[in-house]
Each structure stands twice: as C-alpha cells, then as structure tokens.
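Trainee: Could you look at this predicted model? Sequence included:
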Amino acid sequence: MPLGIGVPELLIILVILLVVFGPKRLPGLGKQLGTGLREFKDSINSKGDDDAETPSKLDAAPADRTTVTSSSESERTARS
C-alpha cells in the first residue's frame, strides 16, 4: 500500500468518515471526489492539446474594454 497505510488504518479512516458524514452523504462524497479527480486528470492530459490553439486566440484583436468605477470612486470625483 502507498504511504505505509495498511488495511486496519483504512478501516479506521472509513469508520471515522462514516461517523462524521453519515451513511447518506458518504456515497455522494465519493462520487464528487471521483468526478473531481477525473476532471483534474483530463485537464492535465489535455494541456498539451490546448497549447496548439493558444497562439491563434492571442492573434485575435482584443475586445473593447470599458472601465467600471465603483460608487465610492464616482462620489470622490463628484466632490472634487
């Protein structure tokens, strides 16, 4: 086992998780963890594919940017 964790240690961790999260939420947490790990793995593996598309996106003209001021900034300029 990795990190020197044996079967007894895994059982203790599972019992603690069961007590903390309850039997209804534990399967959902496992599903969310698996989905997150899968998305992370896919993003790492597809990183090389996205690099080929990046220069064409950078060559495009930048969009018009407008400056948004907060209400406190507009009040300061109005007082001046």
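Mentor: Now that the structure is in, tell me what you want to look at.
Trainee: When you work out contacts or count neighbours from here on, use the C-alpha atoms and nothing else.
Mentor: OK.
Trainee: quick one: buried residues of the host helix or strand of residue 32?
Mentor: According to DSSP states H and E, residue 32 maps onto helix 7-45. Using 16 or more other CA atoms under 10 Å as the test for burial, helix 7-45 gives residue 26.
Trainee: pLDDT value on the residue nearest to residue 17 when sequence neighbours are not counted, please?
Mentor: Spatial nearest neighbour of residue 17, excluding adjacent residues (CA to CA, 6 or more residues apart in numbering): residue 26 at 7.6 Å. The model reports residue 26 with a pLDDT of 87.
Trainee: now swap in residue 44 and tell me
Mentor: 91.
Trainee: same question, the one 5 residues further on
Mentor: The confidence metric pLDDT takes the value 57 at residue 49.
Trainee: Could you pull up the residues touching residue 18?
Mentor: Shown in contact with residue 18 (CA atoms under 8 Å, 6 or more residues apart in numbering): residue 26.
Trainee: Please repeat the previous calculation with a cut-off of 10 Å.
Mentor: 12, 24-26 (CA atoms under 10 Å, 6 or more residues apart in numbering).
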